[in-house]
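[1] for reference, the sequence and a predicted model appear below.
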Amino acid sequence: MSGVEDIPAEVLSASDNLPSPVLKPGDIIDITVMAKNQEVVQPFNKRLTQGEAYVRGNMSKAVEYYLVDQKGNIEFPIIGTLHVAGKNKSEVERMIQEALYPKYLTEIPQVSVWIQNFSVSVLGDVNKPGTFVIENERASVLDAIACAGDLAITGRRDNVLLIRINADGSKEVQRLNLNDKNLLLSPYFYLQQNDVLYVQPNKSKANSAVVVPPTTSLVFSATSILLTIANLIITAWSLSK
């Protein structure tokens with residue numbers, strides 16, 4: 001990525017504002033409601049069995065996750081159905097706060113939303129293709145490439161395909177050039193959950209991937225068998241003399 005050092009620091013800083021992930025159908029989310037008096041918010045936190053409880057930081061907490069259904073909804077305790085698809089995490093947190101205060105609570109609660117299945121996939125001409133879980137919900141294109149062990153030597157850095165499914169189900173496709181310094185300023189530099197990157201091989205590798213037709217393989221196999229039989233016959237004839 002040549003010339004990146006020429007981008008002014010203030011421009012880089014302005015572009016480094018990581019957008020809050022937008023929730024989509026199929027997302028699995030953890031919603032925690034907290035207040036000074038934890039007892040009053042207990043009804044608004046899903047509970048699991050003791051064996052399924054987990055520890056986050058210094059506070060033990062039994063939590064059950066929410067699945068965003070195909071209509072973009074979740075079922076929240078007491079409040080009922082909430083439409084969350086198409087909203088970012090901050091918007092969902094604020095929506096729950098407004099639904100709880102002052103109708104159910106006498107103080108404004110603290111609400112946190114985490115996407116539990118935030119992952120990106122990197123396929124094609126990379127060293128370790130696969131799907132990678134991003135625990136901190138922050139992954140740039142370069143982070144994803146690093147998870148995949150970098151591009152293979154034959155991978156094209158100037159033509160990386162980004163495939164994204166939006167909250168409304170529409171698909172978005174973008175071509176990214178890893179050699180272009182302006183990638184750092186692109187709105188696609190940071191990935192969203194379930195984004196897919198595909199790295200194309202260069203022409204020499206693509207041309208070398210010749211597929212042999214099945215009929216050709218059969219001809220080669222038959223020829224090989226005939227040659228083997230002929231060699232056996234010649235060897236046996238030579239030994240008999």
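    Nice, I can see it.
[2] neighbouring contacts of stretch 128-145?
    18, 21, 114-115, 117-123, 126, 147-149, 151, 160, 162, 176, 178, 183, 188-191, 193, 195, 197, 199 (Cβ atoms under 8 Å, 6 or more residues apart in numbering). In this view, the C-beta of every residue, glycine as well, is placed from N, C-alpha and C.
[3] try it again with 7 Å
    The contact list for stretch 128-145 (Cβ atoms under 7 Å, 6 or more residues apart in numbering) reads 18, 21, 115, 118-123, 147-149, 151, 176, 183, 189-191, 197.
[4] just the buried members of those?
    In the contacts of stretch 128-145, burial by neighbour count holds for 21, 115, 118-122, 147-148, 151, 176, 183, 189-191, 197, counting by 16 or more other Cβ atoms under 10 Å.
[5] nearest to Glu91 among those?
    Closest to Glu91 out of the buried ones among the contacts of stretch 128-145 is Pro21 (11.0 Å), distances taken as Cβ to Cβ.
[6] the longest strand seen in the chain: which residues count as buried?
    When the chain is scanned for its longest strand (criterion: DSSP state E), the result is strand 155-165. Under the neighbour-count criterion of 16+ other Cβ under 10 Å, strand 155-165 has 155-157, 160-162, 164-165 buried.
[7] next one: stretch 178-196
    178, 180, 183-184, 188-196.
[8] one more: stretch 82-100?
    82, 84-85, 87-89, 92-93, 95-96, 99-100.
[9] any idea what Val173 is bridged to?
    Ile163 (DSSP bridges).
[10] model confidence score at it, please.
    The model reports Val173 with a pLDDT of 96.
[11] once you drop chain neighbours, what's closest to Glu64?
    Lys46 (3.7 Å; Cβ to Cβ, 6 or more residues apart in numbering).
[12] secondary structure class for that neighbour?
    State at Lys46, reduced to three classes by DSSP: H, G, I helix; E, B strand; the rest coil: coil.
[13] neighbours of it, just the number please.
    17 (other Cβ atoms under 10 Å).
[14] and what of Gln42?
    Under the criterion other Cβ under 10 Å, the count of neighbours that Gln42 has is 12.
[15] ok, it to Ile79 distance?
    Distance of Gln42 to Ile79, given as Cβ to Cβ, to the nearest Å: 14 Å.
[16] thinking again about what came up before, quick check, nearest of the buried residues of stretch 178-196 to Gln38?
    Gln193 (29.6 Å).
[17] excluding its backbone neighbours, what's nearest that closest one?
    Closest to Gln193 by Cβ to Cβ, 6+ apart is Phe118, at 4.4 Å.
[18] repeat for Pro19
    Pro19 sits nearest to Tyr190 (Cβ to Cβ, 6+ apart), 6.7 Å away.
[19] follow-up on the earlier one: and the buried ones among the contacts of stretch 128-145, which of them are in helices?
    Secondary structure defined by DSSP state H assigns Cys147 of the buried ones among the contacts of stretch 128-145 to helices.
[20] so who does Glu107 touch?
    35-36, 101.
[21] kindly recompute the last result at 6 Å.
    Ala35 (Cβ atoms under 6 Å, 6 or more residues apart in numbering).
[22] how close does it get to Gly155?
    Glu107 is 54 Å from Gly155, by Cβ to Cβ.
[23] may I have the secondary structure class of the closest residue to Asn37 other than its chain neighbours?
    Sequence neighbours aside, Glu107 is the residue nearest to Asn37 in space, at 8.0 Å (criterion: Cβ to Cβ, 6+ apart). The three-state label given to Glu107 by three-state DSSP is coil.
[24] thinking again about what came up before, so what pLDDT did the residue nearest to Pro19 get?
    Predicted confidence (pLDDT) for Tyr190: 93.
[25] how close does it sit to Leu18?
    6 Å.
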